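Enquirer: Could you look at this predicted model? Sequence included:
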Amino acid sequence: MDKKLLFGRIKRSKFFIVGGIGVFFIIILAFTSPLFVSFDGTTSSLMERFTPPEGFSKGLAGHILGTDQLGRDILTRILLGARISLSIAIICVALSAFIGTVLGLIAGYFGGAVDKIIMRTCDVFLSIPSLILAIAIMAVLGTSIINLITVMVISRWVQYARLMRNQVMVIRNKEFVLASKAFGASHWHIMFKQIFVNITTPLIILLSQQIGQMILMESSLSFLNMGIQPPLPSWGSMIANGRSYIASYPWVVVAPGIALMLTVLSFNFLGDGLRDILDPKQK
């Protein structure tokens, strides 16, 4: 793509600009927070429980967003939770994309019985709501970060497999693919060196959109006490633990709720912006 055209589309895409700025600041705050936070997000201090938000009246040494029912600083827990959620989401998206892309390439390229087996497997997974599937698997495997990543990957690889399979079926009969076959190129070379490099645009768009969905799914499981376990914080568990106090101490729930909303919204905006820039026909 011409650089001028690309930069022109970026300037015109408000979704990309707003989402990109939001994602940038969220990542910077999450991963640099150990440099400026004054509290330990996992240590209780019952003498300071339900301290109202102090803003910046005491600088970074105060409880900017207040404390929770155990006296833990909410801002510190939000930033630590962001770091954990982003790390898990990126790992899950990477693994889901790898598994789904490989299976989708194989299904679309070879077709026939291989395609039917992979696609019918996808249909089975798609017939079960992803959150219900994750809850069922977590109930069997137990709660741990490894199991959480496993169930999220299991419930999300299907989207990548179906997307890649459809893209491959469009391109597999193009002249350059047929010429490579005629010259004796291996199937793996054709799939990964020639076909895959020509269908990365929809994959990039899906990757950016899925990060926000993974964060939301992790928070949903943590809300149900099937995700991140104490003492590590998660936005979902912070909301779940604070909902009993929402009438008297609303900041306990409102702060992590807003953090979750802004993060998911930023990644969704970024994904929509990338779609407009890289594949404007789908706008």
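Expert: Here it is on my side, so go on. From a predicted model like this one, the values you see are computed outputs, not experimental measurements. Residues are numbered from 1 along each chain as shown.

Enquirer: going forward, measure contacts and count neighbours with C-alpha atoms only.
Expert: Fine.

Enquirer: What segments of this protein are helices?
Expert: Taking DSSP state H as the criterion, the chain contains helices spanning 3-12, 14-32, 74-110, 112-126, 130-141, 145-171, 175-182, 187-189, 200-223, 235-242, 251-278.

Enquirer: What is the fourth one packed up against?
Expert: Taking 3 or more CA pairs under 8 Å, 6 or more residues apart in numbering; DSSP states H and E as contact, the helices and strands that helix 112-126 lies on are helix 74-110, helix 145-171.

Enquirer: repeat for the second one
Expert: Based on contacts counted as 3+ CA pairs under 8 Å, 6+ apart, the elements that helix 14-32 packs against are helix 3-12, helix 74-110, helix 251-278.

Enquirer: got a list of contacts for stretch 139-150?
Expert: The contact list for stretch 139-150 (CA atoms under 8 Å, 6 or more residues apart in numbering) reads 88, 91, 92, 138, 218, 226, 227, 228, 229.

Enquirer: Apply 10 Å and report the result again.
Expert: For stretch 139-150, the external contacting residues (CA atoms under 10 Å, 6 or more residues apart in numbering) are 84, 88-89, 91-93, 95-96, 133-138, 151, 153, 214, 218, 221-222, 225-229.

Enquirer: Could you pull up the residues touching the residue sitting nearest the centre point of the chain?
Expert: Of all residues in the chain, the one closest to the mean position by CA atoms, centre = their mean is residue 211, 1.9 Å from it. Going by CA under 10 Å, 6+ apart, residue 211 touches 85-86, 88-94, 217, 263-264, 267-268, 271.

Enquirer: returning to that earlier point: dump the helices and strands packed on helix 112-126 to TSV, plus distance to residue 239, mean neighbour count and mean pLDDT.
Expert: Formatted as TSV, those follow (distance: least, CA to CA, whole Å; neighbours: other CA atoms under 10 Å; pLDDT from 0 to 100):
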stretch	distance to residue 239	mean neighbour count	mean pLDDT
helix 74-110	11	22	94
helix 145-171	19	21	91
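
Enquirer: okay, and for the stretch 1-150 of the chain, where does confidence drop off?
Expert: In the predicted model, the stretch 1-150 of the chain carries pLDDT under 70 at residues 1-2.

Enquirer: In stretch 242-257, which of the residues would be classed as buried?
Expert: Going by neighbour count (16 or more other CA atoms under 10 Å), the buried part of stretch 242-257 is 242, 249, 251, 252, 253, 254, 255, 256, 257.

Enquirer: State the distance from the closest residue to residue 270 other than its chain neighbours to residue 244.
Expert: Nearest residue to residue 270 in three dimensions, chain neighbours excluded: residue 19, at 4.3 Å (CA to CA, 6 or more residues apart in numbering). Applying CA to CA, to the nearest Å, the value for residue 19 to residue 244 is 33 Å.

Enquirer: got a list of what the closest residue to residue 207 other than its chain neighbours touches?
Expert: Setting aside the residues directly before and after it, residue 207 is nearest to residue 93 in space (CA to CA, 6+ apart), at 6.7 Å. Residue 93 makes contacts with 149, 152-153, 156-157, 160, 206-214, as judged by CA under 10 Å, 6+ apart.

Enquirer: of all the residues you listed, which comes closest to residue 105?
Expert: Sorting those by distance to residue 105 puts residue 160 at the head of the list, at 9.9 Å, by CA to CA.

Enquirer: Settle this for me: that closest one is touching residue 101, isn't it.
Expert: Yes: the pair residue 160 / residue 101 is scored as a contact, 5.6 Å apart, by CA atoms under 10 Å.

Enquirer: what is in contact with those two at once?
Expert: residue 203.

Enquirer: that older thread, now render the helices and strands packed on helix 14-32 as a markdown table, adding distance to residue 233.
Expert: Putting the helices and strands packed on helix 14-32 into a markdown table (distance: least, CA to CA, whole Å) gives the following:
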| stretch | distance to residue 233 |
| --- | --- |
| helix 3-12 | 36 |
| helix 74-110 | 5 |
| helix 251-278 | 10 |
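
Enquirer: out of those, which comes closest to residue 43?
Expert: Closest among the helices and strands packed on helix 14-32, using CA to CA: helix 74-110, at 10.2 Å.

Enquirer: Can you check what angle separates that closest one from helix 235-242?
Expert: 140 degrees (axes from the mean of the first three to the mean of the last three CA atoms, to 10 degrees).

Enquirer: Specify the angle between helix 74-110 and helix 14-32 in degrees.
Expert: Using the same axes, to 10 degrees: helix 74-110 against helix 14-32 is 120 degrees.
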